[in-house]
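1. Here's a sequence, model it:
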Amino acid sequence: MAIQRAPKKVKWYVVWIGHEPGLYSSWEKCKAQVENFAGSKYKAFDTLAEAKEAFEAGPPDRTAKKKSQSGQA
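-> Predicted coordinates for the structure are as follows:
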């Protein structure tokens, strides 16, 4: 009996800062936009709708400080 694998899950990639910002349907296309680009910002999403929403919202702010769980800074 042959083992069947689940179909490969399609991911969508958002490039906010790179050679050509936009939405990409493969890692290879995304990588071409961010490779050798200092300060590039990109992220993978499970659906096109999530990717579009994230692209329009802009890159996440990774410099913001996280609040501690106890409520103290």
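2. Export the longest helix anywhere in the chain to CSV, keeping only CA atoms.
-> For the chain, the longest helix by residue count, based on DSSP state H, is helix 48-57. Extracted in CSV, the C-alpha atoms of helix 48-57 (Å, rounded to 0.1, in the frame of the first residue of the first chain):
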residue,chain,number,x,y,z
LEU,A,48,-3.8,35.4,-0.2
ALA,A,49,-6.4,37.4,1.8
GLU,A,50,-4.1,37.5,4.8
ALA,A,51,-1.2,38.5,2.7
LYS,A,52,-3.1,41.3,1.0
GLU,A,53,-4.3,42.7,4.4
ALA,A,54,-0.8,42.6,5.8
PHE,A,55,0.7,44.2,2.8
GLU,A,56,-1.8,47.1,3.0
ALA,A,57,-1.2,47.5,6.7
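3. can you give me the offset of it from its chain's centre?
-> Offset of helix 48-57 from its chain centre (C-alpha atoms, centre = their mean, to the nearest Å): 10 Å.
4. Check which helices and strands it is in contact with.
-> If you count contacts as 3 or more C-beta pairs under 8 Å, 6 or more residues apart in numbering; DSSP states H and E, helix 48-57 packs onto strand 12-17, strand 22-24, strand 41-45. Glycine gets a C-beta too; all of them are placed from N, C-alpha and C.
5. Which residues are in contact with the closest residue to Trp27 other than its chain neighbours?
-> Nearest non-adjacent residue to Trp27, counting by C-beta to C-beta, 6 or more residues apart in numbering: Tyr13, 6.6 Å away. Neighbour list for Tyr13: 23-27, 29-30, 42-45, 51 [criterion: C-beta atoms under 8 Å, 6 or more residues apart in numbering].
6. at 6 Å what do you get?
-> 24, 30, 44 (C-beta atoms under 6 Å, 6 or more residues apart in numbering).
7. okay, now the first one: neighbour count?
-> This means Tyr24. Neighbour count for Tyr24, taken as other C-beta atoms under 10 Å: 22.
8. same deal with the one 10 residues further on?
-> Here the number of neighbours of Val34 (other C-beta under 10 Å) works out to 20.
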